Structure formats: structure tokens, C-alpha cells
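>>> The sequence and its predicted three-dimensional model are supplied below.
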Amino acid sequence: MTRRADRLALTGILCRCHIGVTEEELFADLEEAGRTGDLKCTIDYRDVCEAVRGMLEGGSFHLVEAAARGVLDLVLARFPVDRAIVRVRKFVLPDVGHVEIQMEHRRQA
């Protein structure tokens, strides 16, 4: 049976840390959750938000790249996803909306 790669996106998780805002996209098989409406069959996005916020607000990062990699490592370790895309935005430069890094990692087989 082919494993599905549905997408659950969390956008604009606000964190009080040295970097700013993150956005995640999580890829997992969400077919059963969609068919049954059962929360146990999906990824609870509140758990993801709490874990990401706790990690970012509890840490200090010199680079947006380090924050993005930390979020990727956390999400792949704690949640049943096949891959994750993380964007970290930093609002620091005058006359620039934001600086952004995007990283994507797949779960190792």
C-alpha cells in the first residue's frame, strides 16, 4: 500500500525569542483522520505549536538557520511525519519586511 503524503500547515507561530516567526508544513498520512474524523489518527497541531514554541522561546540562536534546524529535528523526533518544511522569519532590517530561511528534511529510513 502506498503511503500518502498529505500536508498539515501551521502558519505564523509567534514566539518571543531572538528570531521571530516560524511556519511549518508537515507531511504525513492523514487519510484515516480525514475519513474517520478521529483526532487520534492525526497530528495534534496544538502539540506541535507548544513543542515548537517551548523549544524556540527556551533557547537562544545565533542564526535563523540554527533555529530552523532545531525545529526540524524536534518535529521529526516527536511527531509521526515523513517530512517537514520549516520557515523561520526574522524582522530586523529597516525597510525590509523580513529575512527568511526555509529548510526541508525527510525522516531517515
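Okay, I see it. Numbers count the residues shown, from 1 in each chain.
>>> Low-confidence stretches in this protein?
1-2, 6, 8-10, 16-24 (pLDDT under 70).
>>> Show me the strands in it, by range?
6-14, 21-28, 83-90, 99-106 (DSSP state E).
>>> Can you tell me the closest non-neighbouring residue to Leu72?
For Leu72, ignoring the flanking residues on the chain, the nearest one in space by Cβ to Cβ, 6 or more residues apart in numbering is His105 at 4.8 Å. Every C-beta, even on glycine, is put in place using the N, C-alpha and C of the backbone.
>>> Quick check, that neighbour in contact with Ala77.
No: assessed by Cβ atoms under 8 Å, His105 is found out of contact with Ala77, at 11.0 Å.
>>> Between the two, which is the more surrounded one?
Counting neighbours by other Cβ atoms under 10 Å for His105 and for Ala77 shows that His105 has the greater number, 16 against 9.
>>> which residues does that one form a beta bridge with?
Judged by DSSP bridges, the bridge partners of His105 are Ala84.
>>> Check the gap between it and Ile85 for me.
8 Å (Cβ to Cβ, to the nearest Å).
>>> what does Arg107 give?
13 Å.
>>> who has more neighbours, the two?
Counted by other Cβ under 10 Å, Arg107 and Ile85 do not tie: Ile85 has more neighbours, with 18 against 14.
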